[in-house]
Structures are given as C-alpha cells and as structure tokens.
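Engineer: This is a predicted model, with the sequence first.
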Amino acid sequence: KRGIVIKDDWPGYSLDLFTYPEHYHEDIENVYIPHGVIMNRIERLARYIMEDFEDSKIMVLCVLKGGYKFCADLVEFIKVLGRSSNRYLETRVEFIRLKSYLNDQSTEDLHIIGSSDLSFLRGKSVLIVEAIVDTGKTMKALLKHVETFEPKMVKVAGLLVKRVSNMEESLTNYVGFEIPNQFVVGYALDYNEYFRDLNHICVISKKGKMKYKI
Ligand SMILES: O=P(O)(O)OC[C@H]1O[C@H](OP(=O)(O)OP(=O)(O)O)[C@H](O)[C@@H]1O
Ligand SMILES: Oc1ncnc2c1N=NC2
C-alpha cells in the first residue's frame, strides 16, 4: 500500500487559510497536510490494522519522539472503532526512544536512548508505529533489533514515507501518506526539537531552518 500519494508539485495550502501557532509564522512555508486530513487518514489505517490483527491482541511499539501523536491518535481510533463494531481489540502500548537526526540530516549512527530491552515483544503480534520513514535507516535497524526478541508477527505503520528510494516499500505495511523528498515538521515531527507543537504537517521555511539550526 502506497498510501495517499502527494505529488512533487503539490504546493500545500496557503498559511492564511488555517490557524497555527503564531510564533511559527516566519518559519513555515505552507500547510502541507492539514490536521483534519491527517486524522481522517489515520482513522482509515485503523480499519486496515483491525482487519489484519483481527482477534489477537496488539502490542503497539511507539517510536519516540516523532511517533507519539500518530500513536496516540491511532490507538484511540482502534479503540473507538472496536467499540462501535463490538470487536474490541486489546491494545498495549510500549515505547522506544531512537535518535538519528541533527538539523535536517540523518546521522550515520542510530542510537537507542534508554532501555533497549524489548523482551515484552516475545510471542506477541507487534505493530511498530513510526511517524516517518525517510532514508529507512531507523526502521531497518529497529526491525532487526525487534526480530531478536522473536515476536509472533511484526507490522509497521508509517504516517509518512518519503519517495526517496524504493526501499521503504518493504519496510511499511500501513502508509498514511507518500511525500516528496522535502523536510516536513509538525504533528510531533521536529526540527531540532522545534515544531512538535504544530498541529498540521508543514514544510519548514529557509528562515526556520536557519533560525533553529544547531
Ligand atoms: O528513515 P530515517 O532517515 O532514519 O528517518 C526517520 C527517523 O528520523 C526521525 O527521528 P529523529 O532522529 O528526528 O528523532 P525524533 O523522532 O526524536 O525527532 C523520525 O522520527 C524517524 O524515527
Ligand atoms: O522530513 C522530516 N521531518 C522531521 N524529521 C525527519 C524528517 N525526515 N526524517 C526525519
């Protein structure tokens, strides 16, 4: 599944058509994916996931920090949809903190911050929830690490997948949006820890990149 394909020439929406935190006015170019569209897409992904996991419990592994909003909203939809179709899927959430980006570049070394012990995954049906797959380095390394704990099944939900190489095709089972290769922020996606408090997914402006550069 490629998800909603956003074309290279998609200009995004003009900033004055939406509300966003005033302090980011100079730092973002446009509203690339409005919060409402993100939520509607996540609701549809929840339906796919419920069909595939049917009656087994879901062990959600949320990849911090970028994945925390996507994970919270996805798990909420799974709960709400489960209630209305009286097919309740028991969902447990665990977290892993990975860091690999400085400014807008992936550093060579991926490192796990905090505990790397995932033994709670043994024998479980695992859903890895990740905000974005860009070079795929993080997801490749994480999948290798997860496999060492012998889960029963592993599926990956990626809200955004960058059209950078065909590698990600095999890395994600559920894709929210396939986007061109440009740096986006918002909805918990950051640039040096900024913009996580932005509801929409936006394209960062040159000024924003300079202002918050490390
Ligand atoms: O496919 P890749 O090129 O590896 O990029 C994807 C990863 O990079 C970002 O993490 P980041 O290092 O920014 O940490 P954060 O999630 O805490 O912001 C993002 O949250 C993914 O985990
Ligand atoms: O576009 C992006 N925006 C925020 N964080 C990341 C991105 N790509 N890899 C990590």
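Structural biologist: The structure has been received and is ready for your questions. Residues are numbered from 1 along each chain as shown. Ligands and ions are numbered 1, 2, ... in the order given.

Engineer: CA atoms for contacts and neighbours, from now on please.
Structural biologist: Fine.

Engineer: if I look at whatever residue of the chain ends up closest to ligand 2, how far off is residue 77?
Structural biologist: Using CA to the nearest ligand atom, the closest approach of the chain to ligand 2 is made by residue 183 at 3.4 Å. Per CA to CA, to the nearest Å, residue 183 is found 27 Å from residue 77.

Engineer: Name the residues of the protein found near ligand 2, please.
Structural biologist: Among all residues of the chain, those adjacent to ligand 2 (criterion: CA under 6 Å from any ligand atom) are 134, 182-185, 189-191.

Engineer: which of those come close to ligand 1?
Structural biologist: Subset of the residues of the chain next to ligand 2 in contact with ligand 1: 134, 190, counting by CA under 6 Å from any ligand atom.

Engineer: I'd like the residues of the chain next to ligand 2 as JSON lines, with pLDDT appended.
Structural biologist: As requested, the residues of the chain next to ligand 2 are arranged in JSON lines below (pLDDT from 0 to 100):
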{"residue": "134", "pLDDT": "90"}
{"residue": "182", "pLDDT": "90"}
{"residue": "183", "pLDDT": "93"}
{"residue": "184", "pLDDT": "96"}
{"residue": "185", "pLDDT": "97"}
{"residue": "189", "pLDDT": "95"}
{"residue": "190", "pLDDT": "94"}
{"residue": "191", "pLDDT": "95"}
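
Engineer: Which one of the residues of the chain next to ligand 2 is nearest to ligand 1?
Structural biologist: Within the residues of the chain next to ligand 2, proximity to ligand 1 (CA to the nearest ligand atom) peaks at residue 134, which comes in at 3.5 Å.

Engineer: Return the set of residues that bridge with the spatially closest residue to the closest one that is not a sequence neighbour.
Structural biologist: What sits nearest to residue 134 in space, not counting adjacent residues and going by CA to CA, 6 or more residues apart in numbering, is residue 162, at 5.1 Å. Note on residue 162: beta-bridge partners residue 179, judged by DSSP bridges.

Engineer: list the contacts for residue 162?
Structural biologist: 132-135, 178-181 (CA atoms under 8 Å, 6 or more residues apart in numbering).

Engineer: which one of the residues you listed has the most neighbours?
Structural biologist: When neighbours are counted by other CA atoms under 10 Å, residue 132 leads the contacts of residue 162 with 25 neighbours.

Engineer: Within the sheet, what are the partner strands of whichever strand in the chain runs longest, with directions?
Structural biologist: The strand spanning the most residues in the chain, taking DSSP state E as the definition, is strand 91-102. Based on DSSP bridges, the strands next to strand 91-102 in the sheet, each with its direction, are strand 58-64 (parallel), strand 105-113 (antiparallel).

Engineer: any idea how far it is from the chain center?
Structural biologist: In terms of CA atoms, centre = their mean, to the nearest Å, the centre of strand 91-102 is set 10 Å apart from its chain centre.

Engineer: Count the neighbours of the nearest residue to residue 95 once chain neighbours are set aside for me.
Structural biologist: For residue 95, the nearest residue in space outside its immediate sequence neighbours is residue 62; the separation is 4.8 Å by CA to CA, 6+ apart. Neighbours of residue 62 under the rule other CA under 10 Å: 24.
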